[in-house]
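Enquirer: what follows is a predicted structure for the sequence shown.
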Amino acid sequence: MSKKIVITGIGASTPIGGTAVDSWNALMAGESGTHTLTHEWVATYELPVKFAAEAKVRPEEVLERPVAKRLDPVSQFALVSALEAWADAGSPEVDPDRLGVDFATGIGGMWTLLDAWDTLRERGPRRVMPLTVPMLMPNAPAAAISMHFHARAFARTVASACASSTESLANAYDHLQAGLADVVIAGGSESAVHPITMAAFASAQAMSKRNDDPEHASRPYSIDRDGFVMGEGAASLVLETEEHALARGARIYAELAGGGVTADAYHITANDPEGKGAMRALTAALAQAGATPDEVTHINAHATSTPVGDIAEYVALRNVFGDRVDSIPVSATKASTGHLLGGTGALEALFTVLAIRNRVAPPTINITTQDPEIPLSVSGEAQPLPEGPQLAVSNSFGFGGHNAVVAIRSVD
């Protein structure tokens with residue numbers, strides 16, 4: 001018998017806020033987290049892209065110094081968001097053997113890895129930190145959360161590029177349905193605003209180069225969009241069976257109604273132009289939710305602001321929703337936050353939870369002239385959602401052809 005899986009806690013550290021609430025308020029106010037970078041390495045390496053969406057609050061300002069020193073920034077962000085989500089959920093009393101962690105990253109502890117390489121070359125092997133491998137491994141964020149909260153049911157890691165944390169949410173749903181845990185801390189984290197990734201993405205012509213106007217660089221659906229903006233941070237959601245949540249008197253934000261995960265098997269970086277894999281992920285998420293496309297009232301789109309990617313997603317949406325897709329309120333929140341890579345799906349799922357709870361689709365900033373090939377219902381102003389029950393989908397797609405979608409339903 002299927003169980004109802006509910007969301008009882010949220011936490012985030014993002015380019016527009018140090019907490020979930022602050023990030024949501026900034027999103028609704030139309031703020032941009034993108035700014036010109038002030039690091040010396042921008043000039044040292046003559047980077048062609050000189051801006052990014054760095055976290056508004058550094059994790060070392062939140063964590064105790066001995067804890068922060070033993071973690072790469074990707075794990076620091078993860079732990080900061082998990083601490084907030086856990087407190088927001090009321091710090092539930094749960095048997096550690098029944099508490100699990102599903103946490104993702106697209107890249108992992110790259111700062112630790114590359115700093116260690118510099119240390120090895122410049123100062124020799126004896127000066128490389130003993131904790132280098134535990135800090136750089138991609139499962140380090142999940143491990144840090146698991147150890148802090150004594151979560152012993154499991155601590156699992158997904159690394160599927162920009163679909164990573166949405167896939168972790170879908171996995172958490174399955175793990176709770178399978179009875180492997182009563183409570184799961186799920187989400188994703190990334191800290192990749194680094195000269196090597198900035199140079200590589202720029203070389204691939206994937207990033208916007210609007211150095212003269214960084215705050216308006218991420219402009220999904222605009223006809224003059226020219227690439228994504230690198231972001232960083234993390235988001236966490238506390239998930240549990242409804243039975244467990246009700247038994248402890250928890251506040252319930254929304255229901256995680258289902259998830260869908262597919263692969264394009266098409267190209268290492270490009271989306272399938274026909275959107276077949278994305279369409280199957282959307283359909284699978286709705287099927288698991290026991291819902292039809294006609295029930296969907298809101299879409300949080302992947303919408304990275306790349307010329308090809310935004311259109312490919314629209315093709316998939318239109319294949320699933322038909323002509324109705326152009327009247328469903330859509331939000332493309334990367335315009336405000338930048339693209340958190342492996343952490344982006346969890347953050348956008350968090351925004352989707354708050355959107356249906358507050359009955360409002362967040363604004364999509366920076367739209368100039370909307371691309372006529374993408375005639376979605378997207379606005380620079382917040383859009384009210386219809387009265388009655390809400391069902392929203394949040395989409396994530398990543399290099400390698402990874403597609404992940406979650407469906408989120410209102411509970412009141």
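Expert: All right, it came through fine.
Enquirer: what's near enough to touch A116?
Expert: Residues counted as contacts of A116 (C-beta atoms under 8 Å, 6 or more residues apart in numbering) are V128, M129, T132, L136. All C-beta atoms are positioned from the backbone trio N, CA, C, and that covers glycine.
Enquirer: confirm it sits in a helix?
Expert: Yes. A116 forms part of a helix when assessed by DSSP: H, G, I helix; E, B strand; the rest coil.
Enquirer: just to revisit the earlier point, highest neighbour count among the contacts of A116?
Expert: Neighbour tally across the contacts of A116 (other C-beta atoms under 10 Å): the maximum, 20 neighbours, falls on L136.
Enquirer: ok, and the closest non-adjacent residue to that one?
Expert: Once flanking residues are discounted, L136 sits nearest to G109: 3.7 Å by C-beta to C-beta, 6 or more residues apart in numbering.
Enquirer: who touches that neighbour in this structure?
Expert: Contact partners of G109, counting by C-beta under 8 Å, 6+ apart, are D72, P73, V74, S75, M135, L136, M137, P138, A140.
Enquirer: who's in contact with the fourth one?
Expert: For S75, the set of contacting residues under the criterion of C-beta under 8 Å, 6+ apart consists of G109, M135, A140, P141, A143, A144, S189.
Enquirer: name the element it belongs to?
Expert: In this structure, S75 sits in helix 73-88 according to DSSP states H and E.
Enquirer: mind listing what's buried in that helix?
Expert: Across helix 73-88, burial judged by 16 or more other C-beta atoms under 10 Å covers 73-86, 88.
Enquirer: for that helix, C-alpha coordinates in PDB please.
Expert: As requested, the backbone C-alpha atoms of helix 73-88 are provided in PDB (Å, rounded to 0.1, in the frame of the first residue of the first chain):
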ATOM      1  CA  PRO A  73      32.700  24.300   1.200                       C
ATOM      2  CA  VAL A  74      30.300  21.800  -0.600                       C
ATOM      3  CA  SER A  75      29.800  20.000   2.700                       C
ATOM      4  CA  GLN A  76      29.700  23.200   4.700                       C
ATOM      5  CA  PHE A  77      26.800  24.400   2.700                       C
ATOM      6  CA  ALA A  78      25.100  21.100   2.900                       C
ATOM      7  CA  LEU A  79      25.400  21.000   6.700                       C
ATOM      8  CA  VAL A  80      24.200  24.600   7.100                       C
ATOM      9  CA  SER A  81      21.000  23.900   5.100                       C
ATOM     10  CA  ALA A  82      20.400  20.600   6.900                       C
ATOM     11  CA  LEU A  83      20.700  22.200  10.300                       C
ATOM     12  CA  GLU A  84      18.100  24.800   9.400                       C
ATOM     13  CA  ALA A  85      15.800  22.200   7.900                       C
ATOM     14  CA  TRP A  86      16.100  19.900  10.900                       C
ATOM     15  CA  ALA A  87      15.300  22.800  13.300                       C
ATOM     16  CA  ASP A  88      12.400  23.900  11.100                       C
END
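Enquirer: what is the mean pLDDT for that helix?
Expert: Helix 73-88 carries an average pLDDT of 98.
Enquirer: just checking, next helix/strand downstream of it?
Expert: strand 99-104.
Enquirer: may I see the buried residues of that next one?
Expert: L99, G100, V101, D102, F103, A104.
Enquirer: please apply the same query to stretch 257-269.
Expert: Across stretch 257-269, burial judged by 16+ other C-beta under 10 Å covers A257, G258, G259, G260, V261, T262, D264.
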